[in-house]
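Q: okay, sequence plus prediction incoming.
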Amino acid sequence: MRSLSLIFILVFIGCQTKKDLDFTFYKWNIRESYYLKFNSSDTLYFINTYPFEEQTSYTILASTEREMIQNILDSISFPIDKIDFDSSVNDGVTYAFNLKDKKHSRKLKIHGHAGPNQFWEFGKSLEDIKNNHKFTEIKKEFNLTEIDSMVINKLNFVKKNNGH
């Protein structure tokens, strides 16, 4: 009976310490466009959207990489105020960050070296992790609607008048 109680306590403590979060990183520039998905496990998903066709793959992170990402997510401070940038600037790099947990959803989009340095450094470290891994293609889809609403400009079509 004691061993059963001990097992129950260990399982309960293990469930309490697991973080329930969903993190999506987006990078866009003229040469590439992709998402990285992380959810506190050892798996990193790569959704390549360049040029136009989505392709999903994954890799297994080293424990040091997983811990580094988790530590940054635990300590990084998302700005309270929305950071705007000139939407007429089309060149440069865009990063978007979307962090959701049970209580909060925090978002940030930065472009052209404007915005908090800690997010530029975090984005660069995520790029380095991606570039140092070989990814395996899988058939898995993710709902990217929330982050897409931040990064994809909506096109407004104008109806053409015939003859006028």
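A: Sure, I can see it.

Q: right, and the helix or strand after the lowest-mean-pLDDT helix or strand in the chain?
A: Evaluated with mean pLDDT, DSSP states H and E, the helix-and-strand set of the chain has its lowest mean pLDDT in helix 2-17, which scores a mean of 45. On the C-terminal side of helix 2-17, the nearest following helix or strand under DSSP states H and E is strand 21-28.

Q: and that following strand, which strands flank it?
A: Each strand paired with strand 21-28, and its direction, by DSSP bridges: strand 33-38 (antiparallel), strand 94-101 (antiparallel).

Q: give me the distance from that strand to the chain's centre.
A: When C-alpha coordinates are averaged (C-alpha atoms, centre = their mean, to the nearest Å), strand 21-28 and its chain have centres 1 Å apart.

Q: so what touches it?
A: By C-beta atoms under 8 Å, 6 or more residues apart in numbering, the residues outside strand 21-28 that reach it are 33-40, 69, 73, 93-101, 123, 126-127, 142, 144, 146-147, 150-151. Backbone N, C-alpha and C define where each C-beta goes, glycine included.

Q: just the buried residues of those residues.
A: In terms of neighbour count (16 or more other C-beta atoms under 10 Å), the buried residues within the contacts of strand 21-28 are 33-38, 40, 69, 73, 93-100, 123, 126-127, 144, 147, 151.

Q: in a markdown table: the strands paired with strand 21-28, plus mean pLDDT and distance to Ile110.
A: Putting those into a markdown table (pLDDT from 0 to 100; distance: least, C-beta to C-beta, whole Å) gives the following:
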| stretch | mean pLDDT | distance to Ile110 |
| --- | --- | --- |
| strand 33-38 | 95 | 16 |
| strand 94-101 | 91 | 5 |
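
Q: and Ser88, what pLDDT?
A: According to the predicted model, the pLDDT of Ser88 comes to 55.

Q: please apply the same query to Lys18.
A: For Lys18, the model assigns a pLDDT of 50.

Q: Phe78 now?
A: Here the pLDDT value assigned to Phe78 is 90.

Q: and the residue nearest to it when sequence neighbours are not counted, what does it touch?
A: Counting by C-beta to C-beta, 6 or more residues apart in numbering, the nearest residue to Phe78 once its immediate chain neighbours are dropped is Arg106, at 4.1 Å. Arg106 makes contacts with 78, 97-100, as judged by C-beta under 8 Å, 6+ apart.

Q: I appreciate the help and will end here.
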